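Participant: After the sequence you'll find the predicted model.
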Amino acid sequence: MAVDVDIKALLEAGVHFGHKTSRWHPKMAPYIHSKRQDSHIIDLTKTVEGLDKALPFLTKVAASGKQVLFVGTKKQAKDIVREAAQKINQPFVTERWVGGMLTNVNTVTQQVKKLKDLEKRMAAGDLEKRYNKLEVQRFQEEIDELNVKYGGIKDLNGKLGAIVIIDVITDANAVKEAKTLGVPVVGLVDTNANPSDIDYVVPGNDDAIKGVQLLLDYFTAAVAEGAGSQKPADNSEEK
């Protein structure tokens, strides 16, 4: 069953409120309905059209067994982006996009391996046995620091099918790396952003938390639907 988009809900959540007309990006013109005072109003029929393309795509990606990376490092959005991704067991980046997060695989893999190893040793009590309290505390600080940078992607399995980005200006580096690797981007694009590098443009207010939450609900429902449709592993050979 496809995810049903409610234009009235989008309106109530303020998804149609764009930025001041003085800050607009000309390439967003096709997605703008009108001006109200000194601000642009986004055409919500275009938002629905964008979602009608993006959501089945996300469902298809998840159904193929690939992961969807959720990115939202903007202060007011990062908590809800992290919670949304965790709810459906997908990777996320919400603190800071570390340069090379996707393109510098060797370095990132080494850091994630180090993080997992330290966490495993800490949980097993190995570090406590070998080191004094101050040294153990320093190891914990290192674990915490690594988790801030890489915690959301430590279960990234190398099969990345798409990236969902909540603010394509704040996380322009994520867009750039995804484009380099040919990973499709689903982006929430406000009136001040350039939609050119976004594969699936969902025009909308990227500042209104209620609106961002609603769109995240749509995105996660689409991914969950695809993940739920995956065929279980064939265990017919087992006795």
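Facilitator: Thanks, I have the structure now. Numbers count the residues shown, from 1 in each chain.

Participant: next one: phi and psi at the residue sitting nearest the centre point of the chain?
Facilitator: Nearest residue to the geometric centre of the chain (C-alpha atoms, centre = their mean): residue 70, 1.3 Å. Backbone dihedrals for residue 70, given as degrees, to the nearest 10, come out at phi -100, psi 130.

Participant: is it in a bridge, and if so with what?
Facilitator: residue 92, residue 164 (DSSP bridges).

Participant: so what pLDDT did it get?
Facilitator: Looking at residue 70, its pLDDT reads 98.

Participant: and what of residue 22?
Facilitator: So residue 22 comes in at 88 (pLDDT).

Participant: what's near enough to touch the closest residue to it other than its chain neighbours?
Facilitator: Leaving aside its sequence neighbours, residue 22 sits nearest to residue 38 (C-beta to C-beta, 6 or more residues apart in numbering; 7.3 Å). The way it works is simple: take the backbone N, C-alpha and C, and place the C-beta from them, glycine included. Counting by C-beta atoms under 8 Å, 6 or more residues apart in numbering, residue 38 makes contact with 20, 21, 22.

Participant: Among these, name the ones in strands.
Facilitator: Counting by DSSP state E, those place residue 20 in strands.

Participant: Narrow the contacts of residue 38 to just the buried residues.
Facilitator: Buried members of those, counted by 16 or more other C-beta atoms under 10 Å: none.

Participant: Tabulate the contacts of residue 38 in TSV, adding columns for distance to residue 214.
Facilitator: Shown next, in TSV, are the contacts of residue 38 (distance: C-beta to C-beta, whole Å):
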residue	distance to residue 214
20	23
21	25
22	27
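
Participant: between the contacts of residue 38, which is closest to residue 30?
Facilitator: residue 21 (15.9 Å; C-beta to C-beta).

Participant: isn't the closest one right up against residue 39?
Facilitator: Yes - in this structure residue 21 lies within contact range of residue 39 using C-beta atoms under 8 Å: 6.5 Å.
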